[in-house]
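Undergrad: Provided below for reference: sequence and predicted model.
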Amino acid sequence: MIKNILVSQPRPLSDHNPYSDMEARFGVSFDFCQLIHVEGLDAHEFRQQRINPLDYTAVLLNSRLGVDHYFRLCEEMRLQVPESMHYYCISEAVANYLQKYIQYRKRRVFFSEHNNFEDLLPTMNRRPAEKYLMVMSDVHNDTAINMFARHNITVKPAVMYRTVATQWPADKPFEYDMLVLFTPTGVASVRKNFPDWKQGKTLIACFGQNTVAAAEEEGLRVDIKAPTPGVPSITIAIEQYLEQHLS
């Protein structure tokens, strides 16, 4: 019987969401608790990479977190970001977020219309003298870096924050019929918090190939996977599973 399901993400802000719909339809209960959180590198840790952000004329930003930690570290290192700095953002939302730190109209800000850095290649190619710094987490892949290299654009990766396991509350039982995991770090958090935990009949749903691979490497059985052809989201995958087994 499937009753209690842990979703390792924050609770949706709206009461009208796929999880609440499934609760009403199937009589299950979703509990939302993050298994991971982000910590910024301090100035001492960052300096070990031997990177001076002011040696670069442009910053590549793929998230609001990246924006926050770039300006936080510059402040901690007492670096004054010049007015001439260029910002290349993966989306308009990230570009707009820059207004928290800069006078948007006074800077040079570029963003992708389709949430990928490849859109920015024509703009970058028109600036061959630009020197690029890319803000990254410790957990990342090099897809974008490799794409730029194929187009003869040198981009320096700079790790400015990391994803770490969140300690599970000591007074909160870890008793669920299904775990919904979204990142390899989330899988690692389960093992770190509960090293003796046995999966048994507990179902595991994973979003993303890397998460699936991390779970299987830990010897866990992945019962629900997304995305797959025709199933773009983990909520649809869970709904289909519940419909098959509880209807």
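TA: On my side now, so go ahead. Residues are numbered from 1 along each chain as shown.

Undergrad: Can you report how many residues lie near the residue lying closest to D142 once chain neighbours are set aside?
TA: Closest residue to D142 apart from its sequence neighbours, by Cβ to Cβ, 6 or more residues apart in numbering: P157 at 7.6 Å. (C-beta placed from N, C-alpha, C; glycine too.) Number of residues near P157 (other Cβ atoms under 10 Å) recorded here: 17.

Undergrad: would K156 count as being in a strand?
TA: Yes. Under DSSP: H, G, I helix; E, B strand; the rest coil, K156 sits within a strand.

Undergrad: Pull up the per-residue confidence for it.
TA: pLDDT recorded at K156 is 97.

Undergrad: ok, residues contacting stretch 137-146?
TA: 38, 60, 62, 65, 117, 134, 155, 157, 159-163, 183-185 (Cβ atoms under 8 Å, 6 or more residues apart in numbering).

Undergrad: from the chain's centre, how far out does that stretch sit?
TA: 12 Å (Cα atoms, centre = their mean, to the nearest Å).

Undergrad: quick one: average pLDDT of that stretch?
TA: When pLDDT is averaged along stretch 137-146, the result is 87.

Undergrad: What is the burial count for S137?
TA: By other Cβ under 10 Å, 18 other residues sit near S137.

Undergrad: can you pull up the bridge partners for it?
TA: Beta bridges link S137 to Y161, judged by DSSP bridges.

Undergrad: quick one: the helices in the chain?
TA: Taking DSSP state H, the helices of the chain run over residues 18-26, 43-47, 64-76, 92-97, 121-125, 143-150, 184-193, 209-217, 234-246.

Undergrad: before we move on, back to that, against H114, how distant is the residue nearest to D142?
TA: P157 sits 22 Å away from H114, taking Cβ to Cβ, to the nearest Å as the criterion.

Undergrad: same deal with A43?
TA: Counting by Cβ to Cβ - A43 and H114 are separated by 35 Å.

Undergrad: who has more neighbours, those two?
TA: Comparing A43 with H114 by other Cβ under 10 Å, the one with more neighbours is A43, at 15 against 8.

Undergrad: check contacts around that one.
TA: The contact partners of A43, by Cβ under 8 Å, 6+ apart, come to L73, E76, M77.

Undergrad: Give the buried subset of these as a ChimeraX selection command.
TA: Only the buried members of the contacts of A43 enter the following ChimeraX selection, criterion being 16 or more other Cβ atoms under 10 Å:
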select :73
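
Undergrad: any low-confidence regions in this structure?
TA: Low-confidence segments of the chain, defined by pLDDT under 70: 105-107.

Undergrad: Swap in 80 and give it another go.
TA: The model of the chain has pLDDT under 80 over residues 104-107, 139, 141, 247.

Undergrad: Tell me the one of the contacts of stretch 137-146 nearest L6?
TA: Distance to L6 across those (Cβ to Cβ) is lowest for T183, with 14.3 Å.

Undergrad: Neighbours of the residue nearest to that closest one when sequence neighbours are not counted, how many?
TA: Nearest residue to T183, sequence neighbours excluded (Cβ to Cβ, 6+ apart): T211, at 5.8 Å. Other residues near T211 number 23, with proximity taken as other Cβ under 10 Å.
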